[in-house]
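Trainee: dropping a prediction and its sequence here:
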Protein chains: 2
Amino acid sequence: MMRHVAFSLAALCLAGCATQGQQGAAPALSKDALATQVGEKPTPTSPPTGQQWLYGSAEGSVASTQVYKAMAQYVRAKALNRSIKSQAVLSEGSTPDVPRFESCGTKPLAAVFDADETLIWNVGAMRYMAEQGKDFDPAIWNEWEKSGAGKALAMPGAVEALKTMRDVGVTIIANTNRTAANATGTQDALRLAGLGEFKHKETLYLMGDDATGSSKDGRRAAIAAKYCVIALAGDQLGDFAQAFNAKGLSVAERRKLANNPAIADVWGNGWFLFSNPVYGPSIRGGYDEIFTPQGKWEPAK
Amino acid sequence: MMRHVAFSLAALCLAGCATQGQQGAAPALSKDALATQVGEKPTPTSPPTGQQWLYGSAEGSVASTQVYKAMAQYVRAKALNRSIKSQAVLSEGSTPDVPRFESCGTKPLAAVFDADETLIWNVGAMRYMAEQGKDFDPAIWNEWEKSGAGKALAMPGAVEALKTMRDVGVTIIANTNRTAANATGTQDALRLAGLGEFKHKETLYLMGDDATGSSKDGRRAAIAAKYCVIALAGDQLGDFAQAFNAKGLSVAERRKLANNPAIADVWGNGWFLFSNPVYGPSIRGGYDEIFTPQGKWEPAK
């Protein structure tokens, strides 16, 4: 058996890359960003491990459904409860280590979702790129955003959960780093996946809607100005706060920030994370970054 | 960049492999079982993608904590609720497509967990094997079971969740395919990870405790004979029912069985799945097995 592994696939930056060099509408991935978001090569006959788990396995589908059910239950209870509500969006200027959440007043309720690998299973483009032996290819992805409608599927559990939320009067909004230039394609993809109607700048926010590139903070603030956002959902931490994508944050620092006591209770309780082991800022780090010294071990000689 | 990918790592069969050829205490992996449980190669400087996500990323730790919090909340509510309770263990002879769950009578409450990548983060052995460029090595794993205590860490969220469950009188039981021969090592590993006291054949069930090999069904039945098991937790479907590991079940059939209407409501509601994209029966399948024809797409020429 060969021992070689090559860097590959999926330099997707769909939940906001490191902020530097990301201003403007185009997903301008630096070589550094690419290098930290690599996955592994498919073979001619099999997709990479992460794709097997995420797109094919019973476990991957159950993991998605489990989060959707918990989220629907939470949103439904929150919507029916008459008590004072707070935004799940961090207040402007606050950070995950010192979070503030403003009270909602009388704004209508909304839940805000990332699109890719949160609402949408990008099975068409992911399969195509893997079968071609290609790394993530921005031109193919752009074509997928334009013409993937009908081939992009709903994530397991999404259709049922969105119905539960809408039935109690909660507006469903997508905030994605798909590009504003392809708004029609993404609206069509969401509708044909069975996820309902999304309208650009009303219930669909895209990269290019403002001048802050792949950061979703500005779009979240724009949504929270109109709605009481009682839940956020995504597969990458940038779907919750751009601070998690701060340049220079080490793997350990990022993990610590996400689990710090001031924010820990919000996971599963306003913020809902979906498992995506295929691409994104979660996929990076050498041995000493991934594994702490505490667990270092070797067998007795 | 190289395009080669080799099969590798992690032929772990910790939640029950395909039943055939699995009788007896030893984890006798067939070549077929190995071939369907491969992961991808690490590089000299980085662990494989799935390990980066699972063991290092903020997302991986949040995903684990999220499931633990939901489970603790469920178990606590169930324990405090005085209404009649049912086993979360399938009744003997019933299957996931026609499930039956017996009522508990007056048995004391328990929650049953898989160990590896459910209670325990196997960071020591996984790092060592990856850094050595090794495929899953049964001899190294055996040594890890014996001597890994203190280097095996608790999964994120586990310590707090177990405390919540024990505080309401629920007994915590592990049902794992670690071998009975290494019972002491596993008891020590669980205790030193901060997960509490586990005692072989009382609160710790191991492969070799009965004559059915890696199937956990018999051990689950033995536990349910003494306890009212109100929740099951694991990272592979064999942690819930051996029927999911039936030989010959295709990727699509297994996915369908796990999501069939008769059992779908149990996920997140008695059965709690943790995301493990690194090893196990979830990691298998070629393109046509992983991706349905419904989502097949290619860019316009």
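Mentor: Looks like it came in fine. Residues are numbered from 1 along each chain as shown, chains lettered A, B, ... in the order given.
Trainee: for the lengthiest strand in chain A, which helices and strands make contact with it?
Mentor: Ordering each strand of chain A by length in residues (DSSP state E) puts strand A:171-179 first. If you count contacts as 3 or more Cβ pairs under 8 Å, 6 or more residues apart in numbering or on different chains; DSSP states H and E, strand A:171-179 packs onto strand A:109-113, helix A:138-147, helix A:158-167, helix A:183-192, strand A:204-207, helix A:217-226. In this view, the C-beta of every residue, glycine as well, is placed from N, C-alpha and C.
Trainee: let's see it at 6 Å
Mentor: strand A:109-113, strand A:204-207 (3 or more Cβ pairs under 6 Å, 6 or more residues apart in numbering or on different chains; DSSP states H and E).
Trainee: residues of the first one that come out buried?
Mentor: Think strand A:109-113. A:109, A:110, A:111, A:112, A:113 (16 or more other Cβ atoms under 10 Å in any protein chain shown).
Trainee: as JSON lines, those residues with distance to chain B would be great.
Mentor: JSON lines is the format used below for the buried residues of strand A:109-113 (distance: Cβ to the nearest Cβ, whole Å):
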{"residue": "A:109", "distance to chain B": "22"}
{"residue": "A:110", "distance to chain B": "21"}
{"residue": "A:111", "distance to chain B": "16"}
{"residue": "A:112", "distance to chain B": "17"}
{"residue": "A:113", "distance to chain B": "16"}
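Trainee: can I get the helices and strands packed on strand A:171-179 in TSV including distance to residue B:221 and mean pLDDT?
Mentor: Formatted as TSV, the helices and strands packed on strand A:171-179 follow (distance: least, Cβ to Cβ, whole Å; pLDDT from 0 to 100):
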stretch	distance to residue B:221	mean pLDDT
strand A:109-113	41	98
strand A:204-207	51	98
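Trainee: in three-state terms, label residue A:233 for me.
Mentor: strand (DSSP: H, G, I helix; E, B strand; the rest coil).
Trainee: before we move on, back to that, got JSON lines for the buried residues of strand A:109-113, with distance to residue B:266 too?
Mentor: Shown next, in JSON lines, are these (distance: Cβ to Cβ, whole Å):
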{"residue": "A:109", "distance to residue B:266": "29"}
{"residue": "A:110", "distance to residue B:266": "30"}
{"residue": "A:111", "distance to residue B:266": "25"}
{"residue": "A:112", "distance to residue B:266": "29"}
{"residue": "A:113", "distance to residue B:266": "25"}
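Trainee: report pLDDT for residue A:136.
Mentor: For residue A:136, the pLDDT comes out at 81.
Trainee: contact partners for residue A:88?
Mentor: Under the criterion of Cβ atoms under 6 Å, 6 or more residues apart in numbering or on different chains, the neighbours of residue A:88 are A:229, A:230, A:231, A:232, A:270.
Trainee: could you look up the SS state of it?
Mentor: coil.
Trainee: how much space between it and chain B?
Mentor: For residue A:88, the distance to chain B equals 15 Å [Cβ to the nearest Cβ, to the nearest Å].
Trainee: can I get stretch A:288-297 as CSV, trimmed to CA atoms?
Mentor: Once non-C-alpha atoms are left out, stretch A:288-297 reads as follows in CSV (Å, rounded to 0.1, in the frame of the first residue of the first chain):
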residue,chain,number,x,y,z
ASP,A,288,1.4,19.6,18.0
GLU,A,289,-1.5,21.9,17.2
ILE,A,290,-4.1,19.1,17.0
PHE,A,291,-2.9,17.1,20.0
THR,A,292,-2.1,18.5,23.4
PRO,A,293,1.1,17.3,25.3
GLN,A,294,-1.3,16.0,28.0
GLY,A,295,-2.3,13.0,25.8
LYS,A,296,1.1,12.2,24.2
TRP,A,297,1.9,8.5,24.5
